[in-house]
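Peer 1: here are the coordinates; sequence isn't available:
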């Protein structure tokens, strides 16, 4: 059984493990105040073209989203997101558990547009009873989205511009950021993101690390006391060095980008194989997640040797499924899958 | 200007004011432990046919909804409601502020059906990743709804039956309960509600009182420590007697039902006048709120002498509006309005 | 049985009831947007010498404390108060329920001093692990305190000065503010309080009203969106006019101050009677609450005709008790009590 | 510079690193559902003599305390702990951030006694205004405590007995549990703890692991839906296997106990050296943390080659300091320190 069901099935990239071994005996101060964290911060600031950014390391995505969002909002404010946004659906109400409503905008492919934000914001303030409703307090987007789709630079500029006009902080969830940056379809760079967002995170868990997410705060007003927030939400790792060491390895010479590129190339091969075979795609993803719509018998057939996720029932005899590649996917695994796809009787 | 814009524009029914005057010099213990509260509890238990029910008095609706819901749910659970439910829209995220997501079911007229609850509950538990999602923890309905519609007994029985099968407590928001019970279209009695729900409240603010809502808890498991909850949410009125005195007056000899009936009769006259004139209704309300769809020029014309609420834009030249009657509405006010409706040039 | 056990045993001052009657039929918009509220705000601003202050009306004290404090603090901050502070002891954890720790300073008589605040603040920031601890975020004091004691102007100036130096908002709980202002021992005026605090409230529930507390916000930064906060915490009374009407009556021509003065004069008579008889006082209160330390047999004897509160066991045979006067206390009730005190065999 | 300042200065025990390497390429399902987690659970249940216990793995201590406590308490309840308890002091108000007050009992050495719990519980329920106060909802203790002290079996039996009599769940924080079990002074076994507590955790972060805490739930009522809680609080590690692999290594053949024993033996050597030299101890610790009281010049002298923590100022010229050993401390490091202690001129 070869697993394509998600992008966190293996441990970590070899280079990260080596570094953990090499540094194991070092004695360092705790909670992210060590030299490895400092180095990693420097590398990340450089990669972002953001000399003044604050960089913090957290363990996982839900923790990161909760900590960032709760640190920004006032009690009566909510976070705007797509109906499909991770915070709206798959975090067991973690945002609500900090007291804030998630305000959803309709989306079919995981993306939202500047015009939707504008409309929601204006509808709120134009309503004479707005004090009886949750006030939009920030905008949360994912890049790439939970559906593999990406924002283009012009789209993010439009969103950023609306947000700044209205004083809405813009937070970008980059759980799979490497794969988004490696997309041939997106012209967005890390520097663009650092300029256009107020805060975002660079996902490590799904892109080569054992675990870890690097939060980058570029908006001065949001930097204050953020470490208190991390500690309060249970995210201040005692051996913070583990995060520093991993992000050092990922960012000192571009490993993060290299492994992301490779994973996306393999994903596009899978996509192409399904498309060539005539299967439609549920979303137009150019990143490491691919969502072909397959007949049930094909799903059963492929399921004998490959694991993947059932995503959505399309009709009586078809479902969308998800195949993920990752930094750990081997070319020969993808070749075998493609071979099998090509040989399907349809 | 005669106001039909809502059902809380005046003070209180004359009999309530008299009682407040008569009892003003009495010295009573605080926080709802006085004799008036005790009497009112007895009257309410009797009206509900629920000898064992716990009855608590709170000041307002949002406070009541928040206190009841937060007292029932565990941290990972949410409250199921219609998209139009008061807790979903008009309480500034008060439920989320206690840590809980509001889980919405689509509804056009404010009601939800047993089958929708069943479907949401089963979808949750059938999802293999359900632990990543908010668990349905209780069902919240309004009777009458925010749209003036009501549940029939069979509908509430079906909802109650699904709830009990799944262990979902059923909470009925009765902010306008008197008007619902007075509806000719609903065969639901107060005794039915007490039997079919686990907890509900009888609204006073909109039905004759200066303020006040009576929470009735029939489910033994939910009675424990409820007074702590009221105090924590800021709802334990020091001079609790004020609530007791008002509900005594409303329930000792049926005043609550009498004034509700009169308000609904007047509302139906308004409804009939609009219908006779050929105006469609946005919702089929048989309670004290009426929602005719009117051309904009008619809205302007009526607005010269009557205040009412703009509810929803229907198309370029029409909107739904809301006319409310209440215990305080005078027959001659309604007569004047009907006269005006009849004389509209259309 | 004549009740001195607290200051909320009766209804409201006669003038307030008259106003409620007179205005009962008026049709007003809801939620504090009516003319009575507007008038009351004007009177209160004038009494405070604070033309630019925002004034909001809430129903009760716990609700007010919770709403104000939660609106000011960021998630990692706590409220500094005396160990005896109402928010620390008698609000069922309402502050914690909004996510914030109450940080207590030792106090025997309910007051805290500027030096204590300074010390706590500096201890926090000097601790290298301060990010692992709750950050002091505001200062809460009561005037008069829960023990009947009051701040002098110089004390409040010192506290205010420390708070402003450190950027700690200062919030004064005035549940019994009238009685504090009427104290012969305190030289603090309402204008002083408005100048020295960032936000405070003028208590109505215990000083002549049926219920109601007027929040006065003088710090510009805290005014923003406060009505959302009130709504979210369940404190936005539908018939907000009830609060406006009551505070109009209390502040249009000084009624609030007159009834407070009378209550304090009566309390001092009770105090003097106990002292003359040789009983010590638990706190040096010059307001409407008096705390004599009495032998148990005297407590039993007095308890036959007068109700009062057991406050604290002092030793095997003595306890401190509390006698409260209020706007509703009649001179003849106090005369009878004093007669009884004087005739005690000791 | 040799570091004794805390017990999380190095990475992980060699055997854990080896396992991470060996298993790195394995493809496993996420979120703790893999085989390694299952094995680790089996080992831990066996070590606890608790076949029916639920075992969950979380990343860190604050996260674990917050998740467990929030999952147990109802909104109006608080957690009883020593004033020195980690949740009371060093978690940035994480418990309050979930809505619950921390109720503190005085303690000089980190321990609390059954009689104190009894007294607090009874004082609450005997107070006629108890509904205005936070209700004691569970008891939290640490073993060993933050001060290195331990409970004896008879003490924990007494606490457990009071807790069960009153229906108060008992939660034991075992961040350094290995070191407590290795104490010669404590006769408590892991099996005792499993029998006497309702829930506890076995700390990995400070005892050989890179990170990780194993929560053991023995009380049936607390097992329900615990994974939702972990997810909501951001603690459900995507690559849950990392936790499983580490606890497998620690518990398959007693490594956890072996390394704890060695660390404690080294700590006792340090203790003995200080005592022989005539320095008093701040706490009578028989675990891996030692707290000698030293003159300031000795502190300066030792500080040249060894890092340790300043704990508490004792008088003008003395302070208590903390020396920690851990699974990573080498005998030769301790020998060097002892040599230096012995050669101090005093």
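Peer 2: It's in. In this text the structure is predicted, and so the values were computed from the model without any measurement. Numbers count the residues shown, from 1 in each chain, chains lettered A, B, ... in the order given.
Peer 1: residues in contact with the residue lying closest to residue A:8 once chain neighbours are set aside?
Peer 2: Closest residue to residue A:8 apart from its sequence neighbours, by CB to CB, 6 or more residues apart in numbering or on different chains: residue D:238 at 4.4 Å. Where you see a C-beta, it was placed from the backbone N, CA and C, and this is true even at glycine. By CB atoms under 8 Å, 6 or more residues apart in numbering or on different chains, residue D:238 lies in contact with A:8, A:60-61, A:205-206, A:211, D:30-31.
Peer 1: is the residue of chain A positioned farthest from its centre in a helix, a strand, or coil?
Peer 2: Distance from the C-alpha centroid of chain A peaks at residue A:128, with 36.9 Å (CA atoms, centre = their mean). Recorded secondary structure, residue A:128: coil (DSSP: H, G, I helix; E, B strand; the rest coil).
Peer 1: give me the distance between residue A:148 and chain D.
Peer 2: Remark: distance between residue A:148 and chain D (CB to the nearest CB, to the nearest Å) = 18 Å.
Peer 1: that residue contacts residue A:282, doesn't it?
Peer 2: No: between residue A:148 and residue A:282 there is no contact, the gap being 9.2 Å when judged by CB atoms under 8 Å.
Peer 1: name the residue in the two with the higher neighbour count.
Peer 2: residue A:148 (27 against 20; other CB atoms under 10 Å in any protein chain shown).
Peer 1: where exactly do the helices run in chain A?
Peer 2: For chain A, the helices defined by DSSP state H occupy A:14-23, A:35-48, A:61-72, A:86-89, A:94-97, A:114-126, A:153-166, A:177-181, A:190-196, A:226-232, A:241-251, A:255-276, A:296-302, A:331-342.
Peer 1: so which of these is nearest residue D:24?
Peer 2: helix A:14-23 (6.2 Å; CB to CB).
Peer 1: quick one: work out the angle between that closest one and helix A:35-48.
Peer 2: 150 degrees (axes from the mean of the first three to the mean of the last three CA atoms, to 10 degrees).
Peer 1: pull out the buried positions in helix A:14-23.
Peer 2: A:15-17, A:19-20, A:23 (16 or more other CB atoms under 10 Å in any protein chain shown).
Peer 1: can you list the residues you listed in JSON lines and add distance to residue A:225 and pLDDT?
Peer 2: Formatted as JSON lines, the buried residues of helix A:14-23 follow (distance: CB to CB, whole Å; pLDDT from 0 to 100):
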{"residue": "A:15", "distance to residue A:225": "34", "pLDDT": "97"}
{"residue": "A:16", "distance to residue A:225": "30", "pLDDT": "98"}
{"residue": "A:17", "distance to residue A:225": "34", "pLDDT": "97"}
{"residue": "A:19", "distance to residue A:225": "31", "pLDDT": "98"}
{"residue": "A:20", "distance to residue A:225": "30", "pLDDT": "97"}
{"residue": "A:23", "distance to residue A:225": "30", "pLDDT": "98"}
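Peer 1: so what sits against both of residue A:148 and residue A:282?
Peer 2: Common neighbours of residue A:148 and residue A:282, using CB under 8 Å, 6+ apart, are residue A:291.
Peer 1: thinking again about what came up before, for the residue farthest from the centre of chain A, give its distance to chain C.
Peer 2: From residue A:128 to chain C the distance is 10 Å (CB to the nearest CB).
Peer 1: repeat for residue A:244
Peer 2: 17 Å.
Peer 1: get me the contact residues on the stretch 101-250 of chain A for chain B.
Peer 2: Residues of the stretch 101-250 of chain A lying close to chain B (CB under 8 Å from any CB of the partner chain) are A:101-102, A:129, A:131-134.
Peer 1: from the residues you listed, which would you call buried?
Peer 2: Neighbour-count burial (16+ other CB under 10 Å) is assigned, among these, to A:101-102, A:131-134.
Peer 1: who's in contact with the residue in the stretch 51-200 of chain A that chain D sits nearest to?
Peer 2: Going by CB to the nearest CB, chain D is nearest to residue A:63 of the stretch 51-200 of chain A, at 3.1 Å. The contact partners of residue A:63, by CB under 8 Å, 6+ apart, come to A:213, A:233-235, D:234-235.
Peer 1: try 10 Å this time
Peer 2: Going by CB atoms under 10 Å, 6 or more residues apart in numbering or on different chains, residue A:63 touches A:91, A:94, A:213, A:230, A:233-235, D:59, D:63, D:233-237.
Peer 1: picking that back up, now the helices of chain A as a markdown table including distance to residue D:67?
Peer 2: Formatted as a markdown table, the helices of chain A follow (distance: least, CB to CB, whole Å):
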| stretch | distance to residue D:67 |
| --- | --- |
| helix A:14-23 | 26 |
| helix A:35-48 | 25 |
| helix A:61-72 | 12 |
| helix A:86-89 | 19 |
| helix A:94-97 | 11 |
| helix A:114-126 | 33 |
| helix A:153-166 | 33 |
| helix A:177-181 | 28 |
| helix A:190-196 | 32 |
| helix A:226-232 | 13 |
| helix A:241-251 | 21 |
| helix A:255-276 | 31 |
| helix A:296-302 | 37 |
| helix A:331-342 | 36 |
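Peer 1: quick check: residue A:331 vs chain B, distance?
Peer 2: 30 Å.
Peer 1: for the nearest residue to that residue once chain neighbours are set aside, give its distance to chain C.
Peer 2: Nearest residue to residue A:331, sequence neighbours excluded (CB to CB, 6+ apart): residue A:266, at 6.6 Å. Distance, residue A:266 to chain C, using CB to the nearest CB: 42 Å.
Peer 1: hang on, residue A:266 packs against residue A:330?
Peer 2: Yes: counting by CB atoms under 10 Å, residue A:330 is a contact partner of residue A:266 at 8.6 Å.
Peer 1: those two: who's more crowded?
Peer 2: A direct count of neighbours by other CB under 10 Å for residue A:266 and residue A:330 places residue A:266 higher, at 24 against 12.
Peer 1: how about the more buried one, what does it touch?
Peer 2: Per CB under 10 Å, 6+ apart, neighbours of residue A:266: A:4, A:288, A:290, A:323, A:325-326, A:329-331, A:333-335, A:337-338.
Peer 1: who wins for neighbours among these?
Peer 2: The contacts of residue A:266, ranked by neighbours (other CB under 10 Å): first place residue A:288, 31 neighbours.
Peer 1: who are the contact partners of that residue?
Peer 2: A:7, A:144, A:148, A:176, A:178-180, A:182-183, A:206-207, A:260, A:262-268, A:270, A:323-327, A:329.
Peer 1: can you check residue A:317 too?
Peer 2: A:294-297.
Peer 1: let's see 7 Å
Peer 2: Residue A:317 makes contact with A:295-296 under the criterion CB atoms under 7 Å, 6 or more residues apart in numbering or on different chains.
Peer 1: so how far is residue A:296 from it?
Peer 2: 5 Å (CB to CB, to the nearest Å).
Peer 1: and residue A:340, by the same measure?
Peer 2: Counting by CB to CB, the gap from residue A:340 to residue A:296 is 17 Å.
Peer 1: tell me which of the two has more neighbours.
Peer 2: residue A:340 (16 against 12).
Peer 1: could you check which residue of the stretch 201-346 of chain A lies nearest chain C?
Peer 2: For the stretch 201-346 of chain A, CB to the nearest CB, closest residue to chain C: residue A:228, 3.7 Å.
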